[in-house]
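Novice: next input, structure requested:
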Amino acid sequence: MKALQGVEGRAEWVEQEIPTCDVGEIRIKVAAAGLNRADLLQRAGLYPPPPGASETLGLECSGIVSEVGPGCDWQVGDRVCALLAGGGMAQEVVVNAQHALPVPDGLSLHEAAAIPEVYATAWLNLFQLAALKPGEKVLLHAGASGVGSAGIQLCKAFGNPCWVSVGSADRLAYCESLGAQGGVLRGEDGPNALRDFAPFDVILDPVGGNYVGLNLDVIALDGRWVNIGLMGGRKAEVDLAKVLGKRVQLIGSTLRSRDDQFKADLLRDLHAQVWPLFAEGRLKPQLERTFAAKDAELAFAELASNKVNGKVVLVVDESLS
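Specialist: The predicted structure follows:
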């Protein structure tokens, strides 16, 4: 089968052995796969997959179940989307059956490819790790990103006013159209304007580095600050007096390297708490653009431009939609 891998800094389709389907696993004929920043890093050789995970790019995909291993409740022909540690950008992928979810009613397979990773990430960090309560205020850095757009919609659905930091006025308007109360623009003195909306009970931060001081200034007493990325650098000076004085909980969080049972439990909760909201129309996949398989490099360039609102999806099999 063909699979997309990072080769000398480029995404290239290579021939790969078809994986076997074992106990507790299902095989998916892949329709489409969502792109994430982790794929950009892996493509560049900067983020190797966890031990035992596929070298193929792709942390989420959608498709049709084509084989069911022993001990699984899925049926051949089921429409599914899946959370992966790797392997989604291939003609077929074998996945732990508990890491797949049914495509929500009313969604296409292309739309479904855009939801597992970002909604799992937003739900895990905002509602499980940060234990967000109704009415608490949220700050989402990179609010127009895939995770940010999912986080805004979840905050609106569960009664949490949220604000964002973004890179342009157009992106701020996009976030407000999803339900954000407001926000600020990145660069110059823009982020400092967040003080006008502070304090925030929960901060979801994929930036780190140069936002550390700002986060400590705007976080509330007993606030929870969840760091999920290092776009602004991995090192910073931290005023521990503010950490102590505000009783701040700083939580470092990753999802890709979590064990199978953790992911299974997370997806079970996601299915129960979040999936019904898609059928009700309260949540919508933010699919900005799809690319054909042959245009994989263009898809990665689009994501790397930092101008994408929501998600970019790579269509692997055009016959499936």
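Novice: residue closest to the middle of this structure?
Specialist: Nearest to the centroid of the C-alpha atoms of the chain, with distances taken as Cα atoms, centre = their mean, sits V118, at 2.3 Å.
Novice: distance between the ends of stretch 130-140?
Specialist: Across its full length, stretch 130-140 reaches 13 Å between end residues, using Cα to Cα, to the nearest Å.
Novice: show me what counts as buried in that stretch.
Specialist: Taking 16 or more other Cβ atoms under 10 Å as the neighbour-count basis, stretch 130-140 is seen to contain the buried residues A130, L132, E136, K137, V138, L139, L140. (Glycine included, C-beta is placed from N, CA and C.)
Novice: now render the residues you listed as CSV, adding distance to L40.
Specialist: Converted to CSV, the buried residues of stretch 130-140 look like this (distance: Cβ to Cβ, whole Å):
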residue, distance to L40
A130, 26
L132, 28
E136, 32
K137, 31
V138, 26
L139, 24
L140, 20
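Novice: need the contact list for the residue nearest to the centre of the chain.
Specialist: For V118, the residues meeting the contact criterion (Cβ atoms under 8 Å, 6 or more residues apart in numbering) are G34, N36, G146, V147, S149, A150, K311.
Novice: A100: which of these is nearest?
Specialist: Distance ranking of those against A100, using Cβ to Cβ, places G34 first at 14.3 Å.
Novice: which strand residues bridge the closest one?
Specialist: Beta-bridge pairing for G34 (DSSP bridges): V313.
Novice: between the contacts of V118, which is closest to F278?
Specialist: The nearest member of those to F278, counting by Cβ to Cβ, is A150 at 11.3 Å.
Novice: you'd agree that closest one is in a strand?
Specialist: No: counting by DSSP: H, G, I helix; E, B strand; the rest coil, one finds A150 to be helix, located in no strand.
Novice: now do it against K284, distance only.
Specialist: Distance, A150 to K284, using Cβ to Cβ, to the nearest Å: 10 Å.
Novice: that older thread, which among the contacts of V118 count as buried?
Specialist: Applying the neighbour count, that is 16+ other Cβ under 10 Å, the buried entries in the contacts of V118 are G34, N36, G146, V147, S149, A150, K311.
Novice: returning to what we had before: export the buried residues of stretch 130-140 as TSV, with columns for secondary structure and distance to E288.
Specialist: As requested, the buried residues of stretch 130-140 are arranged in TSV below (DSSP: H, G, I helix; E, B strand; the rest coil; distance: Cβ to Cβ, whole Å):
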residue	secondary structure	distance to E288
A130	coil	27
L132	coil	26
E136	coil	29
K137	coil	27
V138	strand	23
L139	strand	23
L140	strand	18
